[in-house]
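[1] I need the structure of the sequence given here:
(2 chains)
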Amino acid sequence: MNGHFMSDYAPLLQALLPCIGSIVKEVIQQNPNPKRGSLFSEIWKSVSQSAEINELLALDHVFGETQLSKNEIQLLFIFHVLRAYGFDPHPQVRLSNPHFFEEFALTKRPAVICSVHTGFALMPAILASFGRQSVIVSSDGFIQDILGRSNAPHDVELIPNNLLSLLRLRDVLLAGKIGVCAVDYSDGQKNSLISLKLFKFVGLNQFPLYYFKSRVDDLGLIWVELAQSNHFNEAMKNAEEFIAFINAGCQPKRELVIS
Amino acid sequence: MNQISEETLLKVIDDSKTLCISAALAKDKRLSDLGLDSLDLISLSMAFEDACQMSISTQKLTPQSTLEDLIKNLVSTS
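    All right, here's what the predicted structure looks like:
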């Protein structure tokens, strides 16, 4: 999930937190020693059925501002409240195309996995479950925290997004690892832009390129999908293909502009 | 530096066309002040690899390092 979200959308947070907080409190009072999975399921169900919360999370209102779906925001806030109550919830991740993940991991080749900030920090934990080491390139100051919550291995290497980041990424790719990078960024005016830099880097170095996305379903499960790029050496085509991948099967579509 | 002269390395930088000014004049300038981005540094590293089998080692570099620091941190790739 996007680490900036909590600070960027403070008004929504202020409106939603008391509603979700009272539901969490009620569920915990009814069952003070819950199993982790059942507690989350109960809270998710109650929050999903709350008319007040559904109104606050009406798609046309929230998605336009955050580019996050209702379920993504709901999951983010439930986790936030559960942590405030001292619980340590972990996302329940499901692979949409497990055979492809397995096939990808078995190649043992270096690769660049390109994603948007939503959910991209889940990737190191998923790759580790297939025995693959990854590095994550991010400018997000919250990334270490997010990785910790995503069950990522403790030794996941972080490359800060700066002047040297692509040189460092190249070094680790040449060592056979996988680089996970988010290519979306904000222009500060609520527009989500897609940078061509990573696609140009991949073309220059001929590294295999993959796309990754996640979505949260109506039960609060996170479904992740991996696909291979069909293009090489054409950064613009890569970017267009990536945006099409992110938006395939999603409603509403993310407004991503190539910069 | 594997007996490759600084002059040769500066010529590689100039030939790569990643800088707006002569590499000799830019030696003491910070990488972050030279208008370079991370993709330019990749192009530069590849130019060093092609011309003299050397690449940029990032271990001791920061965005505040100078062009001279970068040259000192070239390592052999052969």
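[2] how about the biggest helix by length in chain B as PDB, C-alpha atoms only?
    Secondary structure of chain B per DSSP state H: the longest helix is helix B:38-52. These are the backbone C-alpha positions of helix B:38-52, laid out as PDB (Å, rounded to 0.1, in the frame of the first residue of the first chain):
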ATOM      1  CA  SER B  38      20.500   8.200 -13.000                       C
ATOM      2  CA  LEU B  39      20.000   7.100 -16.600                       C
ATOM      3  CA  ASP B  40      22.900   9.400 -17.700                       C
ATOM      4  CA  LEU B  41      25.200   7.600 -15.200                       C
ATOM      5  CA  ILE B  42      24.100   4.300 -16.700                       C
ATOM      6  CA  SER B  43      25.100   5.500 -20.200                       C
ATOM      7  CA  LEU B  44      28.400   6.800 -18.800                       C
ATOM      8  CA  SER B  45      29.100   3.500 -17.100                       C
ATOM      9  CA  MET B  46      28.400   1.600 -20.400                       C
ATOM     10  CA  ALA B  47      30.600   4.100 -22.300                       C
ATOM     11  CA  PHE B  48      33.500   3.300 -19.900                       C
ATOM     12  CA  GLU B  49      32.800  -0.500 -20.300                       C
ATOM     13  CA  ASP B  50      32.900  -0.200 -24.100                       C
ATOM     14  CA  ALA B  51      35.900   2.000 -24.300                       C
ATOM     15  CA  CYS B  52      38.200   0.700 -21.600                       C
END
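[3] So for that helix, mean pLDDT?
    Averaged over helix B:38-52, pLDDT sits at 95.
[4] residues of that helix that come out buried?
    With burial defined by 16 or more other CB atoms under 10 Å in any protein chain shown, the residues of helix B:38-52 counted as buried are B:38-49, B:51-52. Placement of C-beta: from N, CA and C, glycine included.
[5] Check those residues against B:K72 and report the nearest one.
    B:F48 (12.8 Å; CB to CB).
[6] for A:V112, phi and psi?
    Taking degrees, to the nearest 10, you get phi -110, psi 130 for the backbone angles of A:V112.
[7] scratch that, A:R215 is what I was asking about
    Dihedral angles for A:R215 - degrees, to the nearest 10 - are phi -150, psi 150.
[8] now the one 10 residues further on
    The main-chain torsion angles of A:E225 are listed as degrees, to the nearest 10 and equal phi -140, psi 140.
[9] so A:P89, which of the three states?
    Put simply, A:P89 is coil when judged by DSSP: H, G, I helix; E, B strand; the rest coil.
[10] Contacts only, for it.
    A:36, A:40, A:78-79, A:82-83 (CB atoms under 8 Å, 6 or more residues apart in numbering or on different chains).
[11] What separation is there between it and chain B?
    To chain B, A:P89 is 36 Å away according to CB to the nearest CB, to the nearest Å.
[12] would A:K237 count as being in a strand?
    No - counting by three-state DSSP, A:K237 is not part of a strand but helix.
[13] ok, now which ones touch A:L56?
    Counting by CB under 8 Å, 6+ apart, A:L56 has contacts A:12, A:15-16, A:19, A:62.
[14] Could you pick out which of those are located in helices?
    Using DSSP H, the contacts of A:L56 in helices are A:12, A:15-16, A:19, A:62.
[15] For the residues you listed, give me TSV that also has distance to chain B.
    Output for these, formatted as TSV (distance: CB to the nearest CB, whole Å):
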residue	distance to chain B
A:L12	34
A:A15	39
A:L16	37
A:C19	43
A:V62	34
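[16] For these, work out which two are farthest apart.
    Checking those with CB to CB, the most distant pair is A:C19 and A:V62, at 13.8 Å.
[17] And the strands in chain B?
    B:54-56, B:74-76 (DSSP state E).
[18] and the ones you listed, which one's lowest on average pLDDT?
    Lowest mean pLDDT within the strands of chain B: strand B:74-76, a mean of 88.
[19] Buried residues, it. List them.
    B:L74.
[20] how much space between the residue in chain A sticking out farthest from the centre and A:V224?
    Going by CA atoms, centre = their mean, the residue of chain A most distant from its centre is A:Q30, 32.0 Å out. As judged by CB to CB, to the nearest Å, A:Q30 and A:V224 stand 32 Å apart.
[21] next one: B:L74
    For B:L74, the distance to A:V224 - CB to CB - is 40 Å.
[22] thinking again about what came up before, any chance of CSV for the buried residues of helix B:38-52, columns distance to chain A?
    Below are these laid out as CSV (distance: CB to the nearest CB, whole Å):
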residue, distance to chain A
B:S38, 4
B:L39, 5
B:D40, 9
B:L41, 5
B:I42, 5
B:S43, 7
B:L44, 9
B:S45, 6
B:M46, 7
B:A47, 11
B:F48, 11
B:E49, 11
B:A51, 16
B:C52, 17
